[in-house]
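Enquirer: The following block contains a protein sequence and its predicted model.
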Amino acid sequence: MERDASCHCGKLILRCRGEPAKVSLCHCMDCQRRTGSLFSVAAFFPRSDVALVAGAAECFRRPSASGFDVAFHFCPTCGSSLWWEPDRLPHLVGVAAGAFADPGFPMPEQAVWCDDRHPWLELPAAIAAHARNPAQTALSE
Ligand SMILES: [Zn+2]
Ligand SMILES: [Zn+2]
């Protein structure tokens, strides 16, 4: 299966092959500021299963709460962050789950940085909630 993730204006298209290795929801303040929403959802794919098929991205790099940098790739026209590359997980690429614009996209299996969750925001019990980011299974950002 192939899925295309696209930025807001449609110039940047990332093609992802197969199923995501992991889908992770993050409540951290950095994700809140980046998205303008209250959490982000990342679909992690093996680097070899992801290809940019249209457009050229710009990059913003910042340190993350894990202590490693994350490089965010965004559309220079519309500003959407389409994918990110955590230095901590060099074999994986995080893709903005909303960029697939597919309500049937797989549900996150975990939520991290729940310490920063807005209290009215209830998640399904099937999503494993972590107060911070569990180091041993850390796949967020
Ligand atoms: Zn765009
Ligand atoms: Zn986050």
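Expert: Arrived safely, thanks for sending. Ligands and ions are numbered 1, 2, ... in the order given.

Enquirer: what about stretch 16-23, how long is it end to end?
Expert: 13 Å (CA to CA, to the nearest Å).

Enquirer: got the buried residues for that stretch?
Expert: Within stretch 16-23, the residues scored as buried using 16 or more other CB atoms under 10 Å are Cys16, Pro20, Lys22, Val23. C-beta: built from backbone N, CA, C; applies to glycine.

Enquirer: ok, now stretch 86-106?
Expert: For stretch 86-106, by 16+ other CB under 10 Å, it's Pro86, Arg88, Leu89, Leu92, Val93, Gly94, Val95, Ala96, Ala97, Ala99, Phe100, Phe105.

Enquirer: Could you tell me which of those residues belong to strands?
Expert: Using DSSP state E, the members of those that fall within strands are Pro86, Leu92, Val93, Gly94, Val95, Ala96.

Enquirer: correct me, but the fifth one touches Pro46?
Expert: It refers to Val95. No: at 11.4 Å, Val95 and Pro46 do not qualify as touching, with contact defined as CB atoms under 8 Å.

Enquirer: No further questions, thank you.
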